[in-house]
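> can you look at this prediction? I've put the sequence above it.
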Amino acid sequence: MKILVVGATGTIGAAVSDALTARGHTVLPASRSGAIKVDVERPDTLDAVFATEPGVEHVVCCAGSGSLVPVDGGTDEEFVEGLRGKLLGQVFLLRHAIPHLPDGGSVTLTSGRIPETLRGSAFGSLTNVGLEAFVAAAARELPRGLRVNAVSPGWVSETLAALGESDGGTPAAVVARSYVEAVETTGLTGRTLTP
Ligand SMILES: NC(=O)c1ccc[n+]([C@@H]2O[C@H](COP(=O)([O-])OP(=O)(O)OC[C@H]3O[C@@H](n4cnc5c(N)ncnc54)[C@H](OP(=O)(O)O)[C@@H]3O)[C@@H](O)[C@H]2O)c1
């Protein structure tokens, strides 16, 4: 199958691209700075990719940007920017993919689990739980057998290692299996998969 992976240069996106390729799928790797340019905050960039890359059957989004804005800090503008970078950006991605995907095609989004003790976790919850609720409800509205799911990773081992934590987390290759499941499982929709 032909699959557009947005955020393909990231820790999770690279592992997802490798896993999908290993399953025999054709991956189109995209990000803001890659050869195939998609910015989830600018849905016109996704429209442009669909116009130039015919035959995309599934879209996977492992992109996310913005910081965890604390409830009692930052600015309202930072809050909105953060929502655009992950929550709204992925909502836009689904909305703009719908007219282009074939019957039975799918979109897989990324939410996540943030430790409650981490400052900014309320912002993270708003984004992640909001996305998961959106996915559950949006699945019922989609036409033509289109599917939408989310994957909710906890800490990824490689990310923790980059932060100086040598233990813990889930390897990106293991997280990637949930994305493969979301893409390949006919009839799976409205679900949040937890690696
Ligand atoms: N890593 C973890 O431990 C972990 C845990 C839970 C949840 N998550 C979630 O998983 C997602 C991916 O995490 P990651 O650690 O793999 O991130 P990452 O390593 O920082 O990679 C992010 C990827 O997304 C792309 N990107 C960022 N903003 C984008 C935008 N507006 N439009 C299109 N592409 C964009 C980046 O490339 P460009 O900069 O070139 O665009 C890059 O390819 C995020 O939503 C994150 O919140 C991660």
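Happy to help now that I have it. Because the structure is a prediction, the values reported are computed rather than measured.

> just the strands in this protein please.
2-6, 26-31, 36-37, 58-61, 106-110, 147-151, 192-193 (DSSP state E).

> of those strands, which is nearest residue 116?
Proximity to residue 116, assessed across the strands of the chain by CB to CB, is greatest for strand 192-193 (18.1 Å). In this view, the C-beta of every residue, glycine as well, is placed from N, C-alpha and C.

> give me the neighbour count for the residue nearest to residue 129 when sequence neighbours are not counted.
Nearest residue to residue 129, sequence neighbours excluded (CB to CB, 6 or more residues apart in numbering): residue 111, at 7.6 Å. Neighbour count for residue 111, taken as other CB atoms under 10 Å: 27.

> doesn't residue 136 make contact with residue 111?
No: with contacts counted by CB atoms under 8 Å, residue 111 stays clear of residue 136, the gap being 11.2 Å.

> quick check: neighbours shared by these two?
Shared contacts of residue 111 and residue 136 (CB atoms under 8 Å, 6 or more residues apart in numbering): residue 192.

> hmm, the lowest-mean-pLDDT helix or strand in the chain touching the ligand?
Least confident helix or strand, the chain: helix 76-83 with a mean of 93, by mean pLDDT, DSSP states H and E. No: judged by CB under 6 Å from any ligand atom, helix 76-83 stays clear of the ligand, getting no closer than 10.5 Å.

> what do you get for stretch 153-173?
Yes: using CB under 6 Å from any ligand atom, a contact is recorded between stretch 153-173 and the ligand, made by 153, 155, 156, 159.

> same question for stretch 31-44.
Yes: using CB under 6 Å from any ligand atom, we find that stretch 31-44 touches the ligand at 31, 32, 33, 34, 38, 39, 40, 41.

> and stretch 45-57, by the same measure?
No: residues of stretch 45-57 contacting the ligand under CB under 6 Å from any ligand atom: none, with a closest distance of 7.9 Å.

> show me which residues of that stretch are buried.
45, 46, 49, 50, 56, 57 (16 or more other CB atoms under 10 Å).

> swap in stretch 8-18?
Buried residues in stretch 8-18, counting neighbours by 16+ other CB under 10 Å, are found at 8, 9, 10, 11, 12, 13, 14, 15, 16, 17.

> residue contacts, the fifth one?
Contacts were defined as CB under 8 Å, 6+ apart; by that measure residue 12 touches 62, 110, 153, 156, 172, 175, 176.

> where exactly do the helices run in this structure?
Under the criterion DSSP state H, the chain contains helices at 11-22, 43-52, 76-83, 89-97, 121-141, 157-162, 172-184.

> return the member of those having the minimum mean pLDDT.
Ranked by mean pLDDT, the helices of the chain bottom out at helix 76-83, with a mean of 93.

> as PDB, could you dump the C-alpha coordinates of that one?
Taking Å, rounded to 0.1, in the frame of the first residue of the first chain, the C-alpha atoms of helix 76-83 are listed here in PDB:
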ATOM      1  CA  ASP A  76      -2.400  32.500  25.600                       C
ATOM      2  CA  GLU A  77      -0.700  32.800  22.200                       C
ATOM      3  CA  GLU A  78       1.700  30.000  23.100                       C
ATOM      4  CA  PHE A  79      -1.200  27.900  24.200                       C
ATOM      5  CA  VAL A  80      -2.900  28.400  20.900                       C
ATOM      6  CA  GLU A  81       0.300  27.800  18.900                       C
ATOM      7  CA  GLY A  82       0.800  24.600  20.800                       C
ATOM      8  CA  LEU A  83      -2.700  23.400  20.000                       C
END
